[in-house]
Structure formats: C-alpha cells, structure tokens
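S.K.: no sequence on this one, just coordinates:
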C-alpha cells in the first residue's frame, strides 16, 4: 500500500544519487525533490516497473510517463556498491536496537533492586515483575535464523561498582558487542575489551572468571 510506495520512492531517490555519482555528475539537491506524500497525492499508483531493453534496463513510472534507461553495467556497479553499505547500515540498526534493549534491562534491574533490595538472579525475575517482556531479552541479531539473547551476570552486592558489567549480548561479532554496565550505560566493546572487563567483574564477585558466551552456542 502507501508504505510500499513510499519505500519505492525513497529507493528511487537513492538510486538517482548513486547513478549520478557513478556518472561523475553532481548530486542533485535532495531538498528539490517533492515529498513522497506530494507525489502520492498526485499519483496513487506511482509504482515503477523494469524491463530489459537494448543497452540497459528501462525503469517506467506509472502515471508520469517518465522512462529512464540505465546501462546494465552501471546498474550492476551501483548495486554492488550499495549492497555493502545497506548491510552495514542494517548491522548498525541492529546494534542500536540491541543497545536499547540492554538499557531497558538495566532500568528494569535497578527498579527490581529498589523493590527487593537485591539484584535479579535471572531474566525470569524481571519478567515475573513485569519489568521487561520476553522480546526485550532477545537481541535483533540473528545467527542462522536463530535469535541471539543476552547474558545476565548475577551475585552483585547492593553497592556494586558502576564499572562492572551487568549484562551483554552474546557474541556474534568480535568487534561490536553491546555491553551493559551497573550504572545503566551501554558501550559497544570488542571481544578483547569485553573479556578483560568480564574478568574484572567476576573477580569482584569472587567467582571464577568466564569467557564471553557466543551466540552460536
């Protein structure tokens, strides 16, 4: 419906910018483009189609009469250039969501501590107190279609140091691991830094140090 058409419109703007760049042309002023709502108001059926023609691919826009032909080589190069960036942006978005989940877990743990005088021993206790949902404790990161969760560290005293780790996302990327600290802030750590800080955390708890848990396990 409307959302799909707006998505196509955003994709169109991106492809115009990429194509102009590849052809050595200046980027068009994005502010000069009409809003998606304006375009849709003029033409409710503004989905475009594509067809192979001599010399390239023809993109046609229903209702506007506009036809653009882009050489196949240009399209292939544009797509190969854009896909890694899209993948990178998708990974960044997942880290943002994961960090937000951890902040929610941190807030829930603090409320639990205020209510019970102790830190939670499991995610189930936070769920039972209706402080988080089961969706919150599942990271948006997936490995082979399997959801990745978080690790909650337990056994803290009431006056635990704010620099200790309370929870972290199970490792899927050794360079980008969202990590929650006792004071509620979240940092993105690499595997080596997480390992060192986990070691310090377990030593503060007088427990045997443990390596970070992998999401593939």
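M.R.: Okay, I see it. Keep in mind it's a predicted model, so treat the numbers as computed, not measured. Residues are numbered from 1 along each chain as shown.
S.K.: Helices of this structure, residue ranges please.
M.R.: Taking DSSP state H as the criterion, the chain carries its helices at 2-22, 36-42, 72-116, 123-128, 191-204.
S.K.: Residues touching the shortest one, excluding its own?
M.R.: Residues lying outside helix 123-128 but in contact with it, judged by CB atoms under 8 Å, 6 or more residues apart in numbering, are 105, 108-109, 112, 120, 132-134, 137, 150, 152. Every C-beta, even on glycine, is put in place using the N, C-alpha and C of the backbone.
S.K.: residues of that helix that come out buried?
M.R.: 123, 125-127 (16 or more other CB atoms under 10 Å).
S.K.: Could you do stretch 96-115 as well?
M.R.: 98-99, 101-102, 104-106, 108-110, 112.
S.K.: mind giving me CSV with those residues and columns for pLDDT?
M.R.: Shown next, in CSV, are the buried residues of stretch 96-115 (pLDDT from 0 to 100):
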residue, pLDDT
98, 89
99, 91
101, 91
102, 94
104, 93
105, 94
106, 93
108, 94
109, 94
110, 93
112, 94
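S.K.: can I get the residues you listed in CSV with distance to residue 183?
M.R.: Output for the buried residues of stretch 96-115, formatted as CSV (distance: CB to CB, whole Å):
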residue, distance to residue 183
98, 18
99, 15
101, 17
102, 13
104, 15
105, 13
106, 8
108, 15
109, 11
110, 9
112, 15
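S.K.: Quick check: beta-bridge partners of residue 148?
M.R.: Assessed by DSSP bridges, residue 148 has beta-bridge partners residue 139.
S.K.: didn't it look like it was pressed against residue 139?
M.R.: Yes: using CB atoms under 8 Å, residue 148 is in contact with residue 139, at 4.5 Å.
S.K.: For those two, indicate the residue with more neighbours.
M.R.: With neighbours defined as other CB atoms under 10 Å, residue 148 and residue 139 compare such that residue 139 has more, 23 against 20.
S.K.: ok, the more buried one - contacts?
M.R.: Residues in contact with residue 139 (CB under 8 Å, 6+ apart) are 94, 97-98, 101, 147-150, 169-170, 178, 215.
S.K.: go with 10 Å
M.R.: The neighbours of residue 139, taking CB atoms under 10 Å, 6 or more residues apart in numbering as the test, are 94-95, 97-99, 101-102, 147-150, 169-170, 172, 178, 215.
S.K.: ok, now residue 140?
M.R.: Residues near residue 140 by CB under 10 Å, 6+ apart: 90, 93-98, 100-101, 147-148, 169.
S.K.: Need those residues in CSV (columns: distance to residue 196).
M.R.: Supplementary listing: these in CSV, determined by distance: CB to CB, whole Å:
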residue, distance to residue 196
90, 29
93, 28
94, 25
95, 21
96, 25
97, 26
98, 21
100, 25
101, 24
147, 27
148, 22
169, 17
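S.K.: Among the residues you listed, pick out the one closest to residue 198, please.
M.R.: The closest of these to residue 198 turns out to be residue 169 (CB to CB; 12.8 Å).
S.K.: who does the closest one bridge with?
M.R.: residue 150.
S.K.: quick revisit: now for the contacts of residue 139: which two are most distant?
M.R.: Applying CB to CB across the contacts of residue 139, the maximum distance is between 99 and 147, 16.6 Å.
S.K.: I am finished for the moment; much appreciated.
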